[in-house]
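Q: need a structure here:
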Amino acid sequence: MISDSDVVKLILGFKIRHLRLSNKISYQEMSKATGMSVSYLNDIEKGKKYPKPDKIASLAKVFDLEYDALVSTRTDKRLKPVIELLKSGFIKFFPLDEFGISLEKLIDVFSNAPDRFSAFISTILKMIRSYQIEKEHFYRIALRSYQDMHDNNFPELEAAAKAFRKEKKLVKKIPYTYDQLADILQQDYDITIDRVSLTKNNKLSLFRSYFQPDKKVLYLNQGLSEGQELFILGKELGFQYMQIAERPLETKLSKEASFEKLLNNFKASYFAAALMMDSKEVIKDIKLIARARDWSPSLISKLLKKYQVTPETLLQRFTNILPKHFNIKDLFFIRLRSTPDLIRYSINKELHLSQLHQPYHTELAEHLCHRWVSISAIKKISSSKADFLIDAQISQYWQTNKAYFCITIAQSQGFDNEGASSITLGLLMTENLRGAFNFIKDPQIKRRTVHTTCERCSMSDCDNRVALPKYIDHLRHEEELEAELEKL
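A: Below you'll find the model as predicted:
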């Protein structure tokens, strides 16, 4: 993370570089005019050095500017978007190095084509404003891109979990118990657990957990399942063991969360899943599943019991293992939440690897296709007394050659009492997938044609439609107008 003073250096350096290039002044010419060395001028332009007032005055004179005009963050219309970007939280808090982006190279791009880059940045900013995309939404999108870039597998976090298990002598003791993990927090990190206060406070009763660093108390809500409790304890152990200071204190990140907090929260969550589900053991489990001739929900339910984890943790862990160890990289993971009427559904968590798969989250007020197993499973569990329901389906995307094998685990009631939800792992049907998993050939697996939303679906005989195909009707109307124009 760069400081405010670093941002000031970057802005001045960018302006000087832009002015020098615009006026076709070489480093040697500017060095001769100002008495500053070429290397020092280069450092100024890169934002590494901030010159003293007398040197700034010399630079301003070269460009025939007043001193204040050069140091001010105000600039002409063409450069304003770039200056605004440099001043924004994006540059200050976004870890460009995590994405292999050099700030120095970024400044070069800004300077070499400021007009085009400013137009591009201005377009992005207007889109963000138009669609009401807030900072934390952007950070979450960036995090998903970061996961995609690494195939959602992070060897350093796997190694940390493995080292922790060995150090704490937790090898071959799965599933871990609440007492095991709580004792480590107490004995090794002097953290006590309060399982009463959050639940008793009506205003805080919807928080799953909260860590009070001064008191060294981890507050847990009594309404959590055993799997949820174990995950939160594992996550807290991750924060402590990896000595992560910049972190969220509550389970649900606040709107003020920085990208660094979001990234560190992900790292601790990854650690927790890797701690409870050792990669070597999970690989063995997936190989056993792959050899099965027929699909059965028990293939998944046995693993939930074996590791004592939540459905979300299990399927997310699969997204860590499948790309690296089975070369299955075209996959998606989504968490779906329903409204009480079971008509509208929203995707409140997603991950897409290798490409943007179907379905996906949209800010449009449209109705997600009810033919996806993610939704049909929610409908089933809502009329059942079971705690969860495991289902699978091969979803053929309408009018394309794309099909997905989807595993869904639906739960009737979430922690926050907001209705049923489902977790889905979707695997693109490729020759590699068909070769890796025998049960894919099982003729008993359901097959359905699906789309993204009702509004964008032209399927005429759909028995699950909950909204008119308004977007399709609009396109047809446009085609009719084009046809009429051609007749003139």
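Q: going forward, measure contacts between C-alpha atoms and count neighbours the same way
A: Noted.
Q: Next up, phi/psi of the spatially most central residue of the chain, please.
A: The centre of the chain sits closest to residue 144, judged by C-alpha atoms, centre = their mean, with a distance of 3.0 Å. Main-chain torsions, residue 144, degrees, to the nearest 10: phi -60, psi -40.
Q: Please tell me I have it right and it contacts residue 354.
A: No: if you go by C-alpha atoms under 8 Å, residue 144 and residue 354 don't touch, sitting 11.3 Å apart.
Q: from the chain's centre, how far out does the strand or helix carrying residue 472 sit?
A: Using DSSP states H and E, residue 472 maps to helix 470-487. The chain centre lies 38 Å from the centre of helix 470-487; the measure is C-alpha atoms, centre = their mean, to the nearest Å.
Q: Just the C-alpha atoms of it, please, in CSV.
A: Provided in CSV are the C-alpha atoms of helix 470-487 (Å, rounded to 0.1, in the frame of the first residue of the first chain):
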residue,chain,number,x,y,z
LYS,A,470,-38.6,-8.7,-22.8
TYR,A,471,-35.1,-8.5,-24.0
ILE,A,472,-35.7,-11.0,-26.8
ASP,A,473,-38.9,-9.1,-27.8
HIS,A,474,-36.9,-5.9,-28.0
LEU,A,475,-34.4,-7.5,-30.3
ARG,A,476,-37.1,-8.9,-32.5
HIS,A,477,-38.7,-5.4,-32.7
GLU,A,478,-35.4,-3.9,-33.7
GLU,A,479,-35.0,-6.6,-36.5
GLU,A,480,-38.5,-5.8,-37.7
LEU,A,481,-37.7,-2.1,-38.0
GLU,A,482,-34.5,-2.9,-39.9
ALA,A,483,-36.4,-5.0,-42.3
GLU,A,484,-39.0,-2.2,-42.9
LEU,A,485,-36.2,0.3,-43.5
GLU,A,486,-34.7,-2.0,-46.1
LYS,A,487,-38.0,-2.0,-48.0
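Q: Contacts for that helix, please.
A: Helix 470-487 is contacted from outside by 455, 456, 457, 458, using C-alpha atoms under 8 Å, 6 or more residues apart in numbering.
Q: Export these as TSV, with columns for neighbour count.
A: Output for the contacts of helix 470-487, formatted as TSV (neighbours: other C-alpha atoms under 10 Å):
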residue	neighbour count
455	21
456	21
457	22
458	17
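Q: buried ones in stretch 56-70?
A: Applying a neighbour-count criterion of 16 or more other C-alpha atoms under 10 Å, the buried positions in stretch 56-70 are 56, 57, 58, 59, 60, 62, 67, 70.
Q: if you look at these, which of them are in helices?
A: Using DSSP state H, 56, 57, 58, 59, 60, 62, 67, 70 are the members of the buried residues of stretch 56-70 that sit in helices.
Q: Please tell me how far the first one sits from residue 322.
A: What it means is residue 56. 56 Å (C-alpha to C-alpha, to the nearest Å).
Q: What of the third one?
A: Residue 58 sits 60 Å away from residue 322 when distances are taken as C-alpha to C-alpha.
Q: Same question for the last one.
A: Look at residue 70 and residue 322: by C-alpha to C-alpha, they are 54 Å apart.
Q: likewise the fifth one?
A: Distance of residue 60 to residue 322, given as C-alpha to C-alpha: 58 Å.
Q: Could you tell me how many residues sit around residue 229?
A: Residue 229 has 22 neighbours, counted by other C-alpha atoms under 10 Å.
Q: next one: residue 384
A: Using other C-alpha under 10 Å, residue 384 has 12 neighbouring residues.
Q: Now do the same for the residue nearest to it when sequence neighbours are not counted: its pLDDT.
A: Counting by C-alpha to C-alpha, 6 or more residues apart in numbering, the nearest residue to residue 384 once its immediate chain neighbours are dropped is residue 412, at 7.9 Å. Among the per-residue scores, residue 412 holds a pLDDT of 84.
Q: Contacts only, for the nearest residue to residue 244 once chain neighbours are set aside.
A: With C-alpha to C-alpha, 6+ apart as the criterion, residue 244 has its nearest non-adjacent residue at 7.1 Å, and that residue is residue 264. Residue 264 makes contact with 244, 246, 247 under the criterion C-alpha under 8 Å, 6+ apart.
Q: Of these, just the buried ones, PyMOL syntax please.
A: The buried residues among those can be selected in PyMOL (16+ other C-alpha under 10 Å) with this line:
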select buried, resi 247
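Q: Could you single out the nearest of the contacts of residue 264 to residue 33?
A: Nearest to residue 33 among the contacts of residue 264 is residue 246, at 45.8 Å by C-alpha to C-alpha.
Q: Let me see the contact set for the closest residue to the closest one other than its chain neighbours.
A: Excluding its sequence neighbours, the residue lying closest to residue 246 (C-alpha to C-alpha, 6+ apart) is residue 261, at 5.7 Å. Residues near residue 261 by C-alpha under 8 Å, 6+ apart: 246, 247, 248.
Q: Can you tell me the element the second one falls in?
A: Secondary structure assignment for residue 247, by DSSP H and E: no helix or strand.
Q: Wait, it touches residue 265, no?
A: Yes: look at residue 247 against residue 265 with C-alpha under 8 Å: they come within range, at 6.3 Å.
Q: Please tell me I have it right and residue 324 contacts residue 151.
A: Yes: using C-alpha under 8 Å, residue 324 is in contact with residue 151, at 7.2 Å.
Q: more neighbours, those two?
A: Between residue 324 and residue 151, counting by other C-alpha under 10 Å, residue 151 is the more crowded of the two (22 against 15).
Q: Look at the residue nearest to residue 246 and report its pLDDT.
A: Reported pLDDT for residue 261: 89.
Q: Which of the three states applies to residue 406?
A: The local conformation at residue 406, judged by DSSP: H, G, I helix; E, B strand; the rest coil, is strand.
Q: Next: residue 333.
A: Per three-state DSSP, residue 333 ends up strand.
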